[in-house]
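In: Sequence first, predicted coordinates after that:
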Amino acid sequence: MPTKKVIKKVNKKTKRHIQQTNVHRRKRKRRRIKKSVLIGFIAIIVAICAIIFVPKTIQNSKLKDLGYDSQTIKAIRKQNLQKEIIDNQYYSDYLAQEILNDTVKEEYLDLYSVRTSDAPLEEKDFLLYHRLLDKGYSRQQANNLFKQLRFYEITPLLVFDYQVLESTYIKDCLDHRDINSETHFELTNDYYTEYENTLPVDDQSSNAMLVNKTYYLSSDYVPANITELSVVYAAQDVSLASEAAEAFMAWVDAGMDLGVRFYAASAYRPYSHQEELYNDYIASMGQEQADALSARPGFSEHQTGLTVDLASVNSDGISEYKDTNEYTWTSTNCQDYGWILRYPEGKTQITGYDFESWHYRYVGVEIAQAVVASNLTYDEYYCLYLKPWNDQSLAYGTNANQSTTPTTAPTTQDA
């Protein structure tokens, strides 16, 4: 039989075991999560998932309804464009492709949405878009123009007056699409009011200055370093600004080496001389015809000292120049010597002057080559690429991802 001492020891161990068991039971009881708390936690998780995934599902459905496929929708989300696209209902096959290629410029989603893949946007289009805004056109008007017209049909608007109803201009362009091209442009209506809302030349010190029936030189303007040309290169008493004179002589020399012989029949003409010529035209034929044949004083390129009227050594005067080999060569190679044919054939509606085969303007080699390559008139080219901005905040690269037909041919006293 166990002794009292042993029994007492066993009872003590048993009591300790019971106490420890009760402690564990109490601890387990404290860790038990209430059912209501668990349900609440699950509800929160479900709510978070709904907040995250339900709007996404709804957005994806809206994007799909617009015409985007699942792969493009993923690209839209990656570029974070979904809200703007849905809010504005932007879609075109071209826009979808640009998004998929990750080449879309976000600030022009509206412009992409009005274009098609067969007329992709280039950097010059974005620049033209900003120039239209700077001229006063709204984004809606600009989008309408880009939706229906081609680049060469829109650029004249930079020269023309602001058109309140761009739809009239668009219809006129569409009606003439069978005859118009990059090298020929004519419309039924007039969109340019000559000598109205005139402005001083932007920079009288620049060889690139634009002088036309809007931009004028002051009456006291005289080119710096006027140089009289030798009779080897020009008629008597003909002068040019020094840089233009050097370029002109190099041009003539190059032609002579090839048997092409031409000279400057007229060049620099001061304000007072132009005033006399213009007044003589008015006296003999009236102002309307005078404006068709000659520039008003201050509005003549000849006052710049950067302009020549060419004649062939083998023909009579400038009016015959278009029928000579010299015209063929000079019109083809002028840009390599810094000169451009200022009033090309088929662009009278833009330049304000009939085709003048003899009238060339010095702008420097780089700009001359760019003008010829662009197929734009100098008026368009200047307004697109060189003109200072009216509102610098609208300049491309600031808010964008970037950088009267005459009845007879004029004489040497032309524009």
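Out: Nice, I can see it.
In: what sits opposite Leu341 in the beta ladder?
Out: Tyr360 (DSSP bridges).
In: what's the spacing between it and Gly255?
Out: Distance of Leu341 to Gly255, given as CB to CB, to the nearest Å: 15 Å. (Glycine included, C-beta is placed from N, CA and C.)
In: more neighbours, these two?
Out: Leu341 (25 against 19; other CB atoms under 10 Å).
In: I figured the more buried one hits Thr332, correct?
Out: No. Applying CB atoms under 8 Å, one finds Leu341 not in contact with Thr332, separated by 9.7 Å.
In: Pop the domain breakdown of this structure in here.
Out: For the chain, automatic domain parsing gives the domain ranges 52-112, 199-394.
In: so which of those is the most packed in?
Out: The highest average neighbour count among the domains of the chain, using mean count of other CB atoms under 10 Å, belongs to domain 199-394 at a mean of 19.
In: In the stretch 101-250 of the chain, where is pLDDT below threshold?
Out: Across the stretch 101-250 of the chain, nothing is flagged by pLDDT under 70.
In: Which stretches in it count as strands?
Out: 199-200, 215-216, 226-228, 239-241 (DSSP state E, counting those that start in this stretch).
In: JSON lines please, covering the ones you listed and showing distance to Ala247.
Out: Output for the strands of the stretch 101-250 of the chain, formatted as JSON lines (distance: least, CB to CB, whole Å):
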{"stretch": "strand 199-200", "distance to Ala247": "26"}
{"stretch": "strand 215-216", "distance to Ala247": "23"}
{"stretch": "strand 226-228", "distance to Ala247": "11"}
{"stretch": "strand 239-241", "distance to Ala247": "9"}
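In: out of those, which comes closest to Asn144?
Out: strand 199-200 (27.1 Å; CB to CB).
In: Mind giving me the packing neighbours of the closest one?
Out: strand 215-216 (3 or more CB pairs under 8 Å, 6 or more residues apart in numbering; DSSP states H and E).
In: If we use 6 Å, what do you get?
Out: Applying 3 or more CB pairs under 6 Å, 6 or more residues apart in numbering; DSSP states H and E, we find strand 199-200 packed against no helix or strand.
In: quick one: contacts of that strand?
Out: Tyr215 (CB atoms under 6 Å, 6 or more residues apart in numbering).
In: Use 691 as the first number from now on
Out: Yep, numbering from 691; the last one is strand 889-890 now.
In: Pairing partners for that strand, with directions?
Out: strand 905-906 (parallel).
In: what's the closest of the strands of the stretch 791-940 of the chain to Cys1073?
Out: Comparing those by CB to CB, strand 905-906 comes nearest, at 10.1 Å.
In: ok, and what's touching that closest one?
Out: By CB under 6 Å, 6+ apart, strand 905-906 touches 888-889, 891, 988-989.
In: any chance of the residues you listed in CSV, with distance to Gln772 too?
Out: CSV is the format used below for these (distance: CB to CB, whole Å):
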residue, distance to Gln772
Thr888, 49
Leu889, 45
Val891, 49
Gly988, 56
Phe989, 53
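In: Looking at those, which are in helices?
Out: Using DSSP state H, the subset of the contacts of strand 905-906 located in helices is empty.
In: one step back: quickly, which of the domains of the chain bottoms out on average pLDDT?
Out: Mean pLDDT is lowest for domain 742-802 out of the domains of the chain, coming in at a mean of 92.
In: which stretch among the strands of the stretch 791-940 of the chain comes nearest Val1062?
Out: Short answer: strand 929-931, nearest of these by CB to CB, at 20.7 Å.
In: Distance check, Ala914 against Ile789.
Out: For Ala914 relative to Ile789 (CB to CB), the value is 53 Å.
In: same check, this time on Pro1034
Out: Taking CB to CB, one finds Pro1034 at 40 Å from Ile789.
In: likewise Ala1058?
Out: Relative to Ile789, and taking CB to CB, Ala1058 is found at 39 Å.
In: returning to that earlier point: which one of the strands of the stretch 791-940 of the chain lies nearest to Pro1078?
Out: strand 889-890 (10.9 Å).
In: For Thr858, which of the domains of the chain is the nearest?
Out: Per CB to CB, nearest to Thr858 of these: domain 889-1084, 15.0 Å.
In: Off-centre distance for the closest one?
Out: Mean C-alpha position of domain 889-1084 versus that of the full chain (CA atoms, centre = their mean, to the nearest Å) differs by 25 Å.
In: First-to-last residue distance for that domain?
Out: Length of domain 889-1084, first residue to last, CA to CA, to the nearest Å: 20 Å.
In: And the strands of the stretch 791-940 of the chain: which comes nearest Val1053?
Out: strand 929-931 (11.9 Å).
In: quick one: strands adjacent to that closest one?
Out: strand 916-918 (antiparallel).
In: OK, contacts around Gln894?
Out: Tyr911.
In: Strands along the stretch 991-1105 of the chain, start to end?
Out: Counting by DSSP E, counting those that start in this stretch, the strands of the stretch 991-1105 of the chain are 997-1002, 1029-1031, 1049-1052.
In: Can you tell me which of those strands is nearest to Gln761?
Out: strand 1029-1031 (48.1 Å).
In: Report all helices and strands that that closest one contacts.
Out: Looks like strand 1029-1031 contacts strand 1049-1052, helix 1055-1064 (3+ CB pairs under 6 Å, 6+ apart).
In: okay if I get the ones you listed as a markdown table plus distance to Phe836?
Out: Below are these laid out as a markdown table (distance: least, CB to CB, whole Å):
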| stretch | distance to Phe836 |
| --- | --- |
| strand 1049-1052 | 30 |
| helix 1055-1064 | 18 |
